Each structure stands twice: as C-alpha cells, then as structure tokens.
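Trainee: following is a predicted model, sequence given first.
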Amino acid sequence: MRRNNHELRIMNYGFSEKRLAKSQKSKAKSNIKLLLCSCFLFLVSCLYSQTYPVQISSYFIPPNTTRISDYATSTEDKYIVQFLDTDIQDFNRKVRLKLTIKGNGITVQSTNFVQNAPDFYLNGGQPLRLSNFDLRAYFELDNLQGLSPQQYAQPLPDGMYQFCWEVFDFNTNAKLSSQSCQPVYLVLNDPPFLNIPSRNENIVARDPTNIVFTWTPRHLNA
C-alpha cells in the first residue's frame, strides 16, 4: 500500500512538471506575440510621425467666395498662407508648392508644373507670407486637375471644403512638409430682401437728400 502511494506521488509530480512546462511554453508564446505586436505598433507610429522641416498655416478673410476663379482674379487679400522653414541651415532654398481642394465629392489638384507661378524661396527661421494674389497662378484653370471649365466658372456646391498645401524642393523634388489643410464652409448666400423703398416707388427729391433703406437679410455666414 505504501509503495502504491509512493508511485502515485511520483506520477502526480511528473504530471505537475508537464503542466508547468506547458504553462511556461504558452506564456513564452504570448510574450513573443506581445513583443512582435509592440514592434509593429512602434514602426507604424514612426512612419506616421515623420516630421518635415517646413510648417504651413493658412486662414481665410471673410466674406468667403464660392468660386475658385475668384482667388485667381481678386485684387484683395481673401486667403493667406504662411510657410516656415524650421531648418536654420537652409538659405535661399527654392521650393515648389502643391494645392489640393477637396470636399463635397470634389478633389482638385494643381499640376506639377504651374504656369506663370512666381519663384518661391525659403530661409531657415524666416516665415514666408503669401496671399491669394501671390498664389493666383495656382487657382487658374490651366493649372488645375479634376475640374471642368463649367465647374470652374460656377460656384462650388454649398458645403465644407479643405484647402491644402504641400511644399517640395524645386531641384530634388524631396517632400519638405506634410499636407496642411484649412477647413472652410462655403455657401452661396441669397441677396437681402428690400423692404423700403418699395419696388417702383417714386422718391420725392429733397435737399439735403435723405432716403431711408431697410431690408431683410437672407444670408447665413456673411
């Protein structure tokens, strides 16, 4: 009886060893999987967190126009873009720009070679401020892809749009910035409804002239 108990204890010990070895093997596999997953996430984060030397910021000056052609023909500042080269070793670096307008089912891009575009140069630590007047070549129909002449001549459909810019080295074509976008909601407003004076009303001439006008606005964002 004592012998059988001794054999039973030996068998139980052997079974416990096997179970422990199996558990350790399973834990090692889990650790390897966890390590591989961590390495993969680290690589992905490195790819998406790639930094570029040029930073871009932009803003619109209301009232916002709904025609792309207006940015090419307007003589007033309606849109400002600022470029800052953070690499202080850069001096007189010639760059080319790329414009992308997207939203409401529309994607418009500037061509790789923009006709009549002025030369732009960046110096490290010095911001370059450009208005739509400086960038008007990028808004001309001949330099845009993804837009028909009919769409170019008409207002964009009401909705939210993104005006995005990218910077490339002119000589090496190396990308110097990430795509920087500025959202803007464009809507074609209805004109105000005139209340006074009424249509075809005769106005009595007085000296000094004092004509009272009242109207009902019908705009949304102007």
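Mentor: Cool, got the structure.
Trainee: can you tell me which residues contact the closest residue to Arg93 other than its chain neighbours?
Mentor: Leaving aside its sequence neighbours, Arg93 sits nearest to Leu122 (Cβ to Cβ, 6 or more residues apart in numbering; 4.8 Å). All C-beta spots, glycine's among them, are computed from the backbone N, C-alpha and C. Listed by Cβ atoms under 8 Å, 6 or more residues apart in numbering, the contact set of Leu122 reads 54, 83, 85, 90, 93, 95, 128, 167.
Trainee: what is the burial count for the fourth one?
Mentor: The one in question is Asp90. Number of residues near Asp90 (other Cβ atoms under 10 Å) recorded here: 19.
Trainee: measure it to Val54 for me?
Mentor: For Asp90, the distance to Val54 under the criterion Cβ to Cβ, to the nearest Å works out to 9 Å.
Trainee: how about Tyr185?
Mentor: Taking Cβ to Cβ as the measure, Tyr185 falls 27 Å from Val54.
Trainee: what about the two, which has more around it?
Mentor: Per other Cβ under 10 Å, whichever of Tyr185 and Val54 has more neighbours is Val54, with 24 against 13.
Trainee: which residues in this structure form strands?
Mentor: Taking DSSP state E as the test, the strands found in the chain are 54-60, 79-85, 93-103, 106-110, 120-122, 127-131, 144-145, 159-169, 180-186, 193-196, 214-216.
Trainee: of those strands, which is nearest Arg67?
Mentor: Closest approach to Arg67 among the strands of the chain is made by strand 180-186 (9.4 Å; Cβ to Cβ).
Trainee: packing partners of that closest one?
Mentor: strand 54-60, strand 159-169 (3 or more Cβ pairs under 8 Å, 6 or more residues apart in numbering; DSSP states H and E).
Trainee: mind redoing it with 10 Å?
Mentor: Applying 3 or more Cβ pairs under 10 Å, 6 or more residues apart in numbering; DSSP states H and E, one finds that strand 180-186 makes contact with strand 54-60, strand 79-85, strand 93-103, strand 159-169.
Trainee: give me the most central residue, the chain.
Mentor: Centroid-nearest residue in the chain, with Cα atoms, centre = their mean: Cys181, separated by 2.2 Å.
Trainee: re the thing from before, identify the contacts common to Asp90 and Val54.
Mentor: 122, 169, 176 (Cβ atoms under 10 Å, 6 or more residues apart in numbering).
Trainee: which pLDDT value goes with the last one?
Mentor: So that's Leu176. pLDDT for Leu176: 97.
Trainee: tally of neighbours for it?
Mentor: Neighbourhood size, Leu176 [other Cβ under 10 Å]: 22.
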